[in-house]
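Asker: The following comprises the amino acid sequence and a computationally predicted model.
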Amino acid sequence: MKTLKETWIGLMTKIMKNPTYKVEDYIENLGENVTFSFKNYDELKSDKRIHADYLEMEKVFFSTQENIFGHSYGNTILTPYSSVTSPVEAICKILTKNPNTRKAVLTFVPYGEEKVPCISAIQFMLRDNNLNIFYTIRSQDVYRKFPCDAMCIASMGMEIAKQIGCELGSLTANLVSAHNYLQDIETAKNYCKN
């Protein structure tokens, strides 16, 4: 199974070589699905730019602090329990109660006027004592945000697996709009060459 880095480079390359659509300031493919391993999920942190973006994306996922992306998921995540607001705590609770459940889902809801989170849902499936994660993204800047989102979701999965005592399976992303901004194409090409 591919690593996050291999998946990211493959996805960027696919969009650059054969985009489905060319819009004003980006190129895009619709309906991309990728699966990758938890193994080496954080290897991209050694890249200074990605690490800096990852630290900002952690704020988006796990706090309501200001960040360079200008938004936070803190107030948009709904858990399976109205009384449990911590995403990790809620998923651990539901998987502990019923390991075979299909209801271990975090849903991201709109906030403000026409502000719709990029991530729609993250589902956690425990099968054969392996935690597998499936997430849907309505819009993904593949070059800049895909690795950071994936690392945040993987770190959440690592914490859940640790708390409930299971093994790690895979992560699968369904990217409705997978795009690269034209301003980033040359830099993205350099990543893909190396």
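Answerer: Cool, the structure landed.
Asker: Any idea what Arg127 is bridged to?
Answerer: Counting by DSSP bridges, Arg127 forms beta bridges with Asn130.
Asker: Check the spacing between it and Thr101 real quick.
Answerer: 11 Å (C-beta to C-beta, to the nearest Å). Glycine gets a C-beta too; all of them are placed from N, C-alpha and C.
Asker: Who has more neighbours out of the two?
Answerer: Neighbour count, other C-beta atoms under 10 Å: between Arg127 and Thr101, Thr101 has more, with 16 against 11.
Asker: mind checking the SS state of the closest residue in space to the more buried one that isn't next to it in sequence?
Answerer: Among residues not flanking Thr101 along the chain, Ile94 sits closest, at 5.8 Å (C-beta to C-beta, 6 or more residues apart in numbering). Secondary structure assignment for Ile94 (DSSP: H, G, I helix; E, B strand; the rest coil): helix.
Asker: Next, the contact list for Ile94, please.
Answerer: 80-81, 101, 103-104 (C-beta atoms under 8 Å, 6 or more residues apart in numbering).
Asker: any idea of the pLDDT on it?
Answerer: pLDDT recorded at Ile94 is 97.
Asker: check contacts around the residue nearest to Asn67 when sequence neighbours are not counted.
Answerer: For Asn67, ignoring the flanking residues on the chain, the nearest one in space by C-beta to C-beta, 6+ apart is Lys59 at 4.1 Å. Neighbouring residues of Lys59 by C-beta under 8 Å, 6+ apart: 65-67, 72.
Asker: Lys59 falls within a strand, correct?
Answerer: No: counting by three-state DSSP, Lys59 is not part of a strand but helix.
Asker: any idea how far Thr35 is from it?
Answerer: 27 Å.
Asker: And the pLDDT for the residue nearest to Asn67?
Answerer: So, for Lys59, pLDDT stands at 94.
Asker: now Thr7
Answerer: Taking Thr7 on its own, its pLDDT is 97.
Asker: which stretches of this structure form strands?
Answerer: 21-23, 26-37, 77-78, 105-108, 119-127, 130-137, 140-141, 167-181 (DSSP state E).
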